[in-house]
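In: give me the fold of what follows.
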Amino acid sequence: MTDQSSAVHPVKKYFGTDGIRGRVGVWPITPDFILKLGWAFGRVLAANKPGGKVLIGKDTRISGYMFESALEAGLSAAGIDIHLLGPMPTPAVAYLTRTLRAEAGIVISASHNPYYDNGIKFFSATGDKLPDHLESAIEAKLEEQMTTVDSARLGKAVRIVDAPGRYIEFCKATVPSSVSLAGLRIVVDCANGAAYHIAPEVFSELGAEVIELGANPDGLNINLECGATDVRRLRDAVLQKGADLGLALDGDADRIMMVDAQGETVDGDDILYIIARQKAEAGTLKGGVVGTVMSNLGLEQAISQMGVEFVRVGVGDRHVVAELRQRGWFLGGEPSGHVICSEAVTTGDGIITALQVLCAMQHSQSSLSQLKNGMRRYPQVSISVRVGDEVVDPTLSTSIRAALRDAESKMAPAGRVLVRRSGTEPVVRIMVEGGDEVEVQDTATWLAGIVREELVG
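Out: Okay, the predicted model is just below:
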């Protein structure tokens, strides 16, 4: 199967599934483009409401300084005031955009990518990702000649010094006052990213003994052999320190992976199951659960066995959020650790997701391992093949389509096969799932070889 999400959204020149992202110094992730992007965004905002303010947060990668200045100049030229937050998690910027009554929020981050990538994400005044029509309006404005408002109308810039404290208190407030983390030893891996000065404080102020990892950013070590994309150090630390569990955020802290006391990985599917089960048992689960085409079949079956509806959408947390909103539901997410608890937040939030799981552990007096064992997972293998930027849809290749049909036939009736172009990196992702682990691995490897041969050579 292919990811159908691109079929229902207009194709854009710059915006992907999560803002604009790429290699620093390679168009469009260059200072001159980001300057004009800030101006274009400011002009689009000013067309609806002259003046106003925009918040800018960033992660810890070294290029953030450069792009922060470029955005600031572009927005000022468009007559928009700027409030600088410094290093802040993506969901924190979404939250502060709402509470500080800003017209929009901007995050300078490439999320889980290495330091040499960067990107720009936008939030509306309500803390939501921008709708497609506004992204299209920004792209249209980028084609115009850049101009500057009269000097008397230039935007001003100020720095918000208490932003981390505001967000820490918000995170803590999502936990009932009856819940204490006292007695829990937790390893917290901040991926040397945006939550390095926030996440440890949240969990320790709620009573946990916190062991910090990845909390010493230097501009180059974000996501480097740490965080949600590489839990090996976290696993070692949990076992060596005798911790109850480990938490791994990614560079901008909008996703999370966990490790239980035995060193086993707990991914977004496990986390969704744990939270859904706890809420269903407590009678507080509103509606069903939204997953994606990447969600494990075992999650779908476990949710259905609870008597709860489960639906799939295309990859990307914006699709999950849109489906939740359309259905009036409150829980959804992806295996990668993007989990949306929309009763509390408008986007994926690694810290708040972790707090939901910790509440489930306290409520049931169970370990993380015990909670995740209620879901039977199907063997699933994902392989990424790096391709050129020109590859938009791998299934346009006749050979890949034929191989995909063969793989689907082999894995039928219980298995699934997915081939898609990533919306955040120049890679094609191949996912194969089924009942037999060896067959799943062999099929994924074979299919990845076809993709590599056709698209890379």
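
In: and Trp39, how many residues sit next to it?
Out: A count of nearby residues for Trp39, using other CB atoms under 10 Å, gives 27. In short, each C-beta sits where N, CA and C put it, glycine included.

In: in which helix or strand does it reside?
Out: If you go by DSSP states H and E, Trp39 is part of helix 31-48.

In: now that helix: average pLDDT?
Out: Helix 31-48 comes out with an average pLDDT of 96.

In: how far off centre is it?
Out: Relative to the chain's own centre, helix 31-48 is displaced by 24 Å; criterion: CA atoms, centre = their mean, to the nearest Å.

In: could you do stretch 338-345 as well?
Out: Relative to its parent chain, stretch 338-345 has a centroid offset of 11 Å by CA atoms, centre = their mean.

In: what's next to it, contact-wise?
Out: Here stretch 338-345 makes contact (CB atoms under 8 Å, 6 or more residues apart in numbering) with 91, 94-95, 127, 174, 254-256, 268, 271-272, 275, 286, 317, 320-321, 324-325, 329-333, 347-349, 352-353, 356.

In: circling back: report the buried residues of the helix holding Trp39.
Out: For helix 31-48, a neighbour-count test (16 or more other CB atoms under 10 Å) marks 31, 33-46 as buried.

In: ok, Val187 to Leu245 distance?
Out: 8 Å (CB to CB, to the nearest Å).

In: so what sits against both of those two?
Out: With CB under 8 Å, 6+ apart, Val187 and Leu245 have common neighbours Val238, Val259.

In: just for the stretch 151-300 of the chain, where's the confidence low?
Out: Across the stretch 151-300 of the chain, nothing is flagged by pLDDT under 70.

In: wait, isn't Asp254 in contact with Ile352?
Out: No: here Asp254 does not reach Ile352: they are 10.2 Å apart, not a contact under CB atoms under 8 Å.

In: the two: who's more crowded?
Out: Between Asp254 and Ile352, counting by other CB under 10 Å, Asp254 is the more crowded of the two (34 against 23).

In: correct me if wrong, but that one is in a strand.
Out: No: per DSSP: H, G, I helix; E, B strand; the rest coil, Asp254 lies outside any strand segment and is coil.

In: ok, which stretches of the stretch 51-200 of the chain are helices?
Out: For the stretch 51-200 of the chain, the helices defined by DSSP state H, counting those that start in this stretch occupy 64-77, 90-99, 132-142, 163-173, 199-205.

In: ok, residues contacting the second one?
Out: It refers to helix 90-99. By CB under 8 Å, 6+ apart, helix 90-99 touches 55, 57, 85, 88, 102, 104-107, 109, 111, 121, 123-128, 160, 163, 166-167, 170, 194, 198, 252-254, 345-352.

In: before we move on, what SS does Ala215 have?
Out: Once three-state DSSP is applied, Ala215 turns out coil.
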